[in-house]
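Q: have a look at this prediction, sequence included:
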Amino acid sequence: MNFEKFFGVSVASLLLASPLSAQPFNLWLEVDEWKIFVNEATKGCFMEHGTPDDYVFHIGTTEEMFGPEFDRSYFLGFYAPINTGFAGVQTEEVKFTTGPDAFVGQAYSYQRENHHGWWVEIDNENLIDDLRTRRELTVSSASGGAATIDLLELRIDEAFEQLIECQNMH
């Protein structure tokens, strides 16, 4: 994963919000290199993958976002180790490209333990399908940052099925 340029360029333009670490997360299950958590505050579940270079990737949902199958939304989160503070308070347009498909959303910044990063809500089921079946995800920000994520390395499919099971149970 090449997150360095993305976070180096766009860290200064993201909104700093309340720490995710303050929310009550409970480990529900581990699948491959993914950990699936229940978030009691949102009545939701999210899956987390940490990379060897200390970046964190999330896919999740909440009770409010998890409607009927045809009307679900999810969130994606990317977090980088803290090495500089965030300057400014704003959101940023971020584009997700998976093969021929592209999706645009507003990113919101969060602090998660010793990481800063952002999350975006996705209400397009095609992006989730692409995350499960495509080879690569390119993320680019309006401020010029970019990251490429090897989706084959993340092996999302089985963990995503367990994420859905977790949400159905909680």
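A: All right, it came through fine. Residues are numbered from 1 along each chain as shown.
Q: residue 62 reaches residue 43, doesn't it?
A: Yes - if you go by CB atoms under 8 Å, residue 62 and residue 43 touch, sitting 6.4 Å apart. For the C-beta atoms, the positions are set from N, CA and C on the backbone; glycine is no exception.
Q: and the two? which has more neighbours close in?
A: residue 62 (18 against 14; other CB atoms under 10 Å).
Q: low-confidence ranges, the chain, go.
A: 1-23, 83-90, 112, 145 (pLDDT under 70).
Q: recalculate using a threshold of 50.
A: Within the chain, the stretches with pLDDT under 50 are 1-22, 84-89.
Q: buried ones in the longest strand along it?
A: Secondary structure assigned by DSSP state E gives strand 101-112 as the longest strand of the chain. Using 16 or more other CB atoms under 10 Å as the test for burial, strand 101-112 gives 103, 105, 107-112.
Q: how about the residues you listed, which pair is most distant?
A: Farthest pair in those (CB to CB) is 103 and 111. Separation: 24.9 Å.
Q: just give the nearest non-adjacent residue to residue 24, would you?
A: Closest residue to residue 24 apart from its sequence neighbours, by CB to CB, 6 or more residues apart in numbering: residue 40 at 4.4 Å.
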